[in-house]
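Asks: Mind folding the following:
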Amino acid sequence: MLLLMTILTGILYTLLITGIAQLFFPTKANGSFIQNIGSELIGQKFVSDKYFWSRPSAINYNPLPSGGTNYSMTSKKLRDTTFSIENNFASKNMIYNKSEIPNEMIFSSASGLDPHISVQAAKLQIKRIAKARNIDETKIQEIITKLKEPRQFFVLGEERINVLLLNLSLDKISK
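Replies: Numbers count the residues shown, from 1 in each chain. Coordinates of the predicted model:
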């Protein structure tokens, strides 16, 4: 029975699921790699004013020890870190009302590897990027509109944008 179940669940089932994934979702099944750059499924650090910034990462975008800070809401270190991140984001993006900044640009995610930001977070960064690249803001807005991903199953989450794909598109129009 052990040998039969090992063959059924350990080998045949694995081959079946892998085959289905390769047939119907080959890009996702292979990790959505972008040659010599990374994966569009794993967040990356962008610090230049010429690029859209990802949300903060407690693990510095390292996929091996994925995780968050685990600081409580009363933690002084969490408060100081988020205050610093919020001030930096507001000053670099010329935002005078800090309540406009979406939470994902201040707090790291549970995994520290989220590759997406909200449409609002992307729009708040347009002025900084246009100024740094010396391009018209409408071109950047067009890229955001083109790359905007809908809610999952039309109801879950919010519209979002993959930061890596957004920055690759920025590089294409700047050349």
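Asks: Output stretch 12-23 as PDB, restricted to C-alpha atoms.
Replies: Extracted C-alpha coordinates of stretch 12-23, given in PDB (Å, rounded to 0.1, in the frame of the first residue of the first chain):
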ATOM      1  CA  LEU A  12       1.900  10.300 -11.000                       C
ATOM      2  CA  TYR A  13       0.000  13.200  -9.400                       C
ATOM      3  CA  THR A  14       3.100  15.400  -9.500                       C
ATOM      4  CA  LEU A  15       3.600  14.700 -13.200                       C
ATOM      5  CA  LEU A  16      -0.100  15.300 -13.900                       C
ATOM      6  CA  ILE A  17      -0.200  18.700 -12.100                       C
ATOM      7  CA  THR A  18       3.200  19.800 -13.600                       C
ATOM      8  CA  GLY A  19       2.000  18.800 -17.100                       C
ATOM      9  CA  ILE A  20      -1.300  20.700 -16.700                       C
ATOM     10  CA  ALA A  21       0.600  23.800 -15.400                       C
ATOM     11  CA  GLN A  22       3.100  23.700 -18.300                       C
ATOM     12  CA  LEU A  23       0.300  23.300 -20.800                       C
END
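Asks: Which residue, neighbours along the chain excluded, lies closest to the most centrally placed residue in the chain?
Replies: With distances taken as CA atoms, centre = their mean, the residue of the chain nearest its centroid is Pro115 (1.7 Å). What sits nearest to Pro115 in space, not counting adjacent residues and going by CB to CB, 6 or more residues apart in numbering, is Gly43, at 4.6 Å. Yep, even glycine has a C-beta here, placed from its N, CA and C like the rest.
Asks: secondary structure class for the one you found?
Replies: coil (DSSP: H, G, I helix; E, B strand; the rest coil).
Asks: For the remainder of this discussion, apply numbering that starts at 13.
Replies: Yes, from this point I'll number from 13; that puts the last item at Gly55.
Asks: Wait, it touches Pro75, no?
Replies: No: the pair Gly55 / Pro75 is not scored as a contact, 9.1 Å apart, by CB atoms under 8 Å.
Asks: Looking at those two, which one has more neighbours?
Replies: More crowded of Gly55 and Pro75, by other CB atoms under 10 Å: Gly55, with 26 against 14.
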